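Asks: Next one to model:
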Amino acid sequence: MSKSTSLIAKLNAINEYEREPIPQSKLKGWKKFIGTYAGEHTAGTEFVLGPLFVAHGATAVDLVSGLLIGNILAVLSWAFFTGRIAVKTRLTLYFQLEKIAGSKFTLIYNLVNAGLFCFLAGAMIAVSATAVGIPFNLEMPTLTDILPNSLGWVLTVFAIGTITTIVAMFGFEQVSKFANIAAPWMIMVFIAAAVGVLPRLGINSISDFWPVAKETIWSGVPLEGQSKFTFWHIMFFAWFCNMAMHIGMADMSILRYAKKWTAGFSTASGVFLGHYIAWIASGILYSLFLLESNNSLTFAPGPIAYEAAGIAGAICVVIAGWTTANPTLYRAGLAIQSINPNWKTWKVTLFVGLFTTIAACFPALVMRLLEFVALYGLILMPLGAVIFIDVYYMERWGLKSNYALHSGKKLNPAVAFTWILTLAFCLALNLFAGIEIFFLGLPGWFVAVIAYLLFSKLLQKPITSIPQSKNPLVEKALN
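Replies: Purely as a prediction, here's the structure:
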């Protein structure tokens, strides 16, 4: 057997249980999830989001307090929402939603979901490319760039995208292993780099830090062309930057492997190392870059980390991009594969990786990452609310859970109307009330909950017996 044939055989043998509960023998302990989340959230986004808080003029007090409260709320959301439901169902988000909403609805949702995941993974591939391009003196993107600025940039992105896609093709086990190896080293580089540059900012003792932090690092003055961020921006962003994963239930696909729902608390390893320490550390690195470059609009995490920590900093940026892009591509592959169960997940992931790599060529993905992350969470949030209510409260209201499964319908109109109404409500708040995108997730979730219950009450019809042969979802569930 040739090596290529052997590789394809191994890939075909991978079973990610896309349309069935995870068997007991495949459940994993909390250590797997600590490593996975630490790797994913101490990653490429941190080299972008931390500096963007500096660019948007956050103050030191607002940053420290906003991140603390917002990250606590995020961990609680992962545990009490996603963790409990993932362990209760043992299913991916996509199959669970199909049982509730029907195959026609999930076709649209999965395409939207996968597209958003691809763009996020693409942003991380672009972050890695800024470090790989250092030895080749690539022209780095700026805060205002939209299109790729050179052939060298495109070639570098494709090299990174190829490696990222190959890792994701091998499934959750390899994604988890990669994160567990990379995470401990990355956070040390983040911290060491930030500590190492403190003297260049005028900080030579612990007592010097807070005055310089308030006056120089997070001065409260936004860069030219950037909006002003307050405590509320930071708190809600820290809570909702991963809204698609926790309240939106996308991490059902990861936490379904957990032995207990409390594995959801393992996300603290990611958000407090990544979304707290790493955002602060990368903000320190960026403030030094601004100070020494006279507020240059060039925005390239690779060179910024290289200036602070040398080769180790550049390598950290490369691996940090991979550890976010890998599980994100894995989720995107599952979303597309759920459209047709006969497709091999690894082949779908290969296609998704190509699309993602093409998207990564456009620097605008990185430059507008704050807004994109907020938007992508907002778009997927209503379906997380639908799953939460359907799993826990439908029967209490005298309604049928998993309505599409039991009725044989390919489209549950209550879910479709809920999604449309919730997003329309959020858009109206943004356009007519001037409420920024960072604050729309909380009222939007309650609107989705109320809308789904009301639409279900109005639209659910009595369910008659359905022949199993005409409803493969029922047949699968009963087996």
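
Asks: and the helix or strand containing L380, what other elements does it pack with?
Replies: Secondary structure from DSSP states H and E places L380 in helix 369-392. Helices and strands touching helix 369-392, by 3 or more CB pairs under 8 Å, 6 or more residues apart in numbering; DSSP states H and E, are helix 46-55, helix 84-89, helix 93-101, helix 103-132, helix 231-240, helix 413-432, helix 441-459. Where C-beta positions appear, they are placed from N, C-alpha and C, glycine not excepted.

Asks: if we go to 6 Å?
Replies: Judged by 3 or more CB pairs under 6 Å, 6 or more residues apart in numbering; DSSP states H and E, helix 369-392 is in contact with helix 413-432, helix 441-459.

Asks: Quick one: closest of these to E395.
Replies: helix 441-459 (11.6 Å; CB to CB).

Asks: what's the angle between that closest one and helix 413-432?
Replies: 140 degrees (axes from the mean of the first three to the mean of the last three CA atoms, to 10 degrees).

Asks: And helix 441-459, what's buried?
Replies: By 16 or more other CB atoms under 10 Å, the buried positions in helix 441-459 come out as 441, 444-445, 447-449, 451-453, 455-456.

Asks: cool, and stretch 224-241?
Replies: 229, 231, 233-241.

Asks: Pull the most distant pair out of those.
Replies: F231 and C241 (15.6 Å).

Asks: F351: neighbouring residues, count only.
Replies: Neighbour count of F351, defined by other CB atoms under 10 Å: 14.

Asks: my bad, V271
Replies: Counted with other CB under 10 Å, V271 comes out at 28.

Asks: likewise the one 3 residues further on?
Replies: Burial measure for G274: 31 neighbouring residues, criterion other CB under 10 Å.

Asks: Could you double-check that it sits in contact with T42?
Replies: Yes. Applying CB atoms under 6 Å as the test, G274 and T42 come out as touching, 3.8 Å apart.

Asks: Please name the nearest non-neighbouring residue to A101.
Replies: V415 (4.0 Å; CB to CB, 6 or more residues apart in numbering).

Asks: tally of neighbours for that neighbour?
Replies: For V415, using other CB under 10 Å, the count is 29.

Asks: What of L329?
Replies: For L329, using other CB under 10 Å, the count is 32.

Asks: Could you do the one 5 residues further on as well?
Replies: Using other CB under 10 Å, the number of residues around L334 comes to 27.

Asks: picking up where we left off before, any idea how far the helix holding L380 is from the middle of the chain?
Replies: 11 Å (CA atoms, centre = their mean, to the nearest Å).

Asks: Go through the buried residues of stretch 224-241 and name the one nearest I420.
Replies: F240 (20.8 Å).

Asks: Tell me if I'm right that that closest one and G441 touch.
Replies: Yes. If you go by CB under 6 Å, F240 and G441 touch, sitting 4.6 Å apart.

Asks: where does the residue nearest to A101 sit relative to Y94, distance-wise?
Replies: 14 Å (CB to CB, to the nearest Å).

Asks: which one of the buried residues of stretch 224-241 is nearest A424?
Replies: Nearest member of these to A424, counting by CB to CB, is F240, at 19.1 Å.

Asks: Tell me the pLDDT of that closest one.
Replies: The model reports F240 with a pLDDT of 94.

Asks: Distance check, it against L375.
Replies: For F240, the distance to L375 (CB to CB) stands at 11 Å.

Asks: Also R84?
Replies: Following CB to CB, the distance that separates R84 from L375 is 27 Å.

Asks: and the closest residue to I234 other than its chain neighbours, what element?
Replies: Leaving aside its sequence neighbours, I234 sits nearest to G66 (CB to CB, 6+ apart; 3.0 Å). Per DSSP H and E: G66 is located in helix 60-77.

Asks: So which elements touch that helix?
Replies: So helix 60-77, by 3+ CB pairs under 6 Å, 6+ apart, packs with helix 231-240, helix 268-272.

Asks: Least confident of the ones you listed, on average?
Replies: Among the helices and strands packed on helix 60-77, helix 268-272 scores lowest, with a mean of 90.

Asks: roughly how far out does the lengthiest helix in the chain sit from the chain middle?
Replies: Using DSSP state H to define each element, the chain has its longest helix at helix 301-337. Here the centre of helix 301-337 is set off from its chain's centre by 13 Å, with CA atoms, centre = their mean.

Asks: which intervals of the stretch 301-450 of the chain have sub-threshold pLDDT?
Replies: 338 (pLDDT under 70).

Asks: Helices along the stretch 101-250 of the chain, start to end?
Replies: 103-132, 151-169, 172-197, 206-212, 231-240 (DSSP state H, counting those that start in this stretch).

Asks: which one of those has the most crowded surroundings?
Replies: Of all the helices of the stretch 101-250 of the chain, helix 103-132 has the most neighbours on average by mean count of other CB atoms under 10 Å, namely a mean of 25.

Asks: now it against helix 46-55, angle please.
Replies: Using the same axes, to 10 degrees: helix 103-132 against helix 46-55 is 80 degrees.

Asks: Distance to M381 for the helices and strands packed on helix 369-392 - can I get that in JSON lines?
Replies: What follows is the helices and strands packed on helix 369-392, written out as JSON lines (distance: least, CB to CB, whole Å):
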{"stretch": "helix 413-432", "distance to M381": "8"}
{"stretch": "helix 441-459", "distance to M381": "6"}
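
Asks: how about these, which one is nearest K260?
Replies: helix 441-459 (25.3 Å).

Asks: what's that closest one packed up against?
Replies: Using 3+ CB pairs under 6 Å, 6+ apart, helix 441-459 is in contact with helix 369-392, helix 413-432.

Asks: winner for burial among those?
Replies: helix 369-392 (a mean of 23).

Asks: Let me know the angle separating that one from helix 46-55.
Replies: Using the same axes, to 10 degrees: helix 369-392 against helix 46-55 is 110 degrees.

Asks: Please list the outside residues in contact with the helix holding L380.
Replies: 48, 52, 85, 96, 100, 116, 123, 240-241, 243-244, 247-249, 401, 415, 418-419, 422, 437-438, 440-441, 445, 448-449, 452 (CB atoms under 6 Å, 6 or more residues apart in numbering).

Asks: Look up the closest residue to T156, ignoring the ones flanking it.
Replies: A129 (4.5 Å).

Asks: same question but for K214, I mixed them up
Replies: Closest to K214 by CB to CB, 6+ apart is A60, at 4.6 Å.

Asks: same thing with F455?
Replies: A414 (3.8 Å).

Asks: Just confirm the one you found contacts Q460, I think it does.
Replies: No. Assessed by CB under 6 Å, A414 is found out of contact with Q460, at 7.0 Å.

Asks: Overlap in contacts, the two.
Replies: Joint contacts of A414 and Q460 (CB under 6 Å, 6+ apart) do not exist.
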